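# Structural data only, the sequence is not supplied:
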């Protein structure tokens, strides 16, 4: 009887732990880049009080991750988390601490759930190992998904931003003024791209060169198109060519690239649809077409 009660209790505990980790992850993702800029320039006291009140649990997880993480691995991990949208200084430590907590929770929950069963010893060990590995790689899957989503969002809206930048440059505005104008116009369409452009503008105001700031932007977002844009602007400044003409040609190139990617995705769709068709649609079609024939054959061959 105790074992029957222990299974649902431990299952609920595991679900609560996983849900808590996801909520912490989502809470950290809600902090926009505008708060970072406001904190640098002077944010209101209410925002700082609210942030301090919401980081108690995150601070505990960060301390746990900081004790077991190395400086080298944290630098590499910090770059991946930055591309996923986590710009906080302790994001790498929180990530590692969350993985440790999830692994321990998954291991304890798997042992408690699988031990009372009648499985063989080998199957029990295999099941515990599978659950533990799933919990270990769960943060990796979340971060990878956010990286792909964020990079795809920036790539989708970057050609439009470059078009606006080219229009502003052709109208006689300087590149810095055009960059600020495009940042304000892009905020309602793609806040992620606007935040990255605002952070690049902040780096320029703090003394970094435009080329270095844009390279940092390309590194933060993981978009290779920004690296090509930096090379084009650097070449235009070095040889004295027209920036507006270069931006126009590059925007045309990016639109063509986006169209080619859409065509490539459409071509891959036919191959990707094979598996769901075989699993979901094909059995229903076979049952609908051959079902009556099998029933008639069974009735004809059934002994009277």
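Structure's in. What do you need? As the structure is a prediction and not an experimental result, all values here were calculated from the model.

# so where is the chain shaky, pLDDT-wise?
Along the chain, the parts satisfying pLDDT under 70 run over 1-12, 15, 17, 19-21, 23-57, 59, 61-62, 64-75, 304.

# per-domain residue ranges of it.
The record's domain parsing of the chain by automatic domain parsing lists 2-152, 153-269, 273-301.

# now those as TSV including mean neighbour count?
Bear in mind the C-beta positions are built from the backbone N, C-alpha and C, glycine included. Shown next, in TSV, are those (neighbours: other C-beta atoms under 10 Å):
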stretch	mean neighbour count
domain 2-152	15
domain 153-269	16
domain 273-301	10
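
# Dihedrals phi and psi, residue 190?
phi -140, psi 90 (degrees, to the nearest 10).

# Could you pull up the contacting residues of it?
By C-beta atoms under 8 Å, 6 or more residues apart in numbering, the residues touching residue 190 are 153, 154, 156, 157, 161.

# What is the nearest of those residues to residue 270?
residue 156 (22.7 Å; C-beta to C-beta).

# That closest one contacts residue 255, correct?
No - here residue 156 lies out of contact with residue 255, judged by C-beta atoms under 8 Å, at a distance of 11.2 Å.

# now stretch 164-181, how far from the chain's geometric center?
31 Å (C-alpha atoms, centre = their mean, to the nearest Å).

# now do stretch 109-121
Remark: stretch 109-121 is offset 34 Å from the chain centroid, using C-alpha atoms, centre = their mean.

# Any idea how far apart the tips of it sit?
End-to-end distance of stretch 109-121: 17 Å, with C-alpha to C-alpha, to the nearest Å as the criterion.

# Next: stretch 110-126.
Stretch 110-126 stretches 10 Å from its first residue to its last (C-alpha to C-alpha).

# so who does residue 162 touch?
Going by C-beta under 8 Å, 6+ apart, residue 162 touches 229, 247, 250, 251, 254.

# Tell me which of the residues you listed fall in helices.
By the criterion of DSSP state H, membership of the contacts of residue 162 in helices covers 229, 247, 250, 251, 254.

# can I get those residues in a markdown table with distance to residue 278?
Output for the ones in helices among the contacts of residue 162, formatted as a markdown table (distance: C-beta to C-beta, whole Å):
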| residue | distance to residue 278 |
| --- | --- |
| 229 | 43 |
| 247 | 48 |
| 250 | 43 |
| 251 | 42 |
| 254 | 37 |
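
# any idea which of these is closest to residue 177?
Nearest to residue 177 among the ones in helices among the contacts of residue 162, counting by C-beta to C-beta, is residue 247 at 14.3 Å.

# Where does the closest residue to that closest one other than its chain neighbours sit, in terms of helix or strand?
Counting by C-beta to C-beta, 6 or more residues apart in numbering, residue 247 lies nearest to residue 166, which is 3.7 Å off, once chain neighbours are set aside. Taking DSSP states H and E as the definition, residue 166 sits inside helix 121-170.

# try residue 293
Element membership for residue 293 (DSSP H and E) is helix 282-301.

# Show me where the protein has its helices.
All helices of the chain, identified by DSSP H, fall at 2-30, 33-41, 45-54, 56-68, 71-84, 91-114, 121-170, 175-186, 191-205, 210-221, 224-239, 243-272, 274-276, 282-301.

# how close does residue 259 sit to residue 148?
Plainly put, residue 259 is 20 Å away from residue 148 if you go by C-beta to C-beta, to the nearest Å.

# Kindly apply the preceding question to residue 229 instead.
Using C-beta to C-beta, residue 229 is found at 21 Å from residue 148.

# Hmm, residue 139 is touching residue 102, no?
Yes - at 6.9 Å, residue 139 and residue 102 qualify as touching, with contact defined as C-beta under 8 Å.

# Now do the shared contacts for those two.
By C-beta under 8 Å, 6+ apart, no residue touches both residue 139 and residue 102.

# give the contact list for the nearest residue to residue 103 once chain neighbours are set aside.
In this structure, residue 103 finds its nearest non-sequential neighbour in residue 136, 5.0 Å apart by C-beta to C-beta, 6+ apart. Going by C-beta under 8 Å, 6+ apart, residue 136 touches 99, 102, 103, 106.
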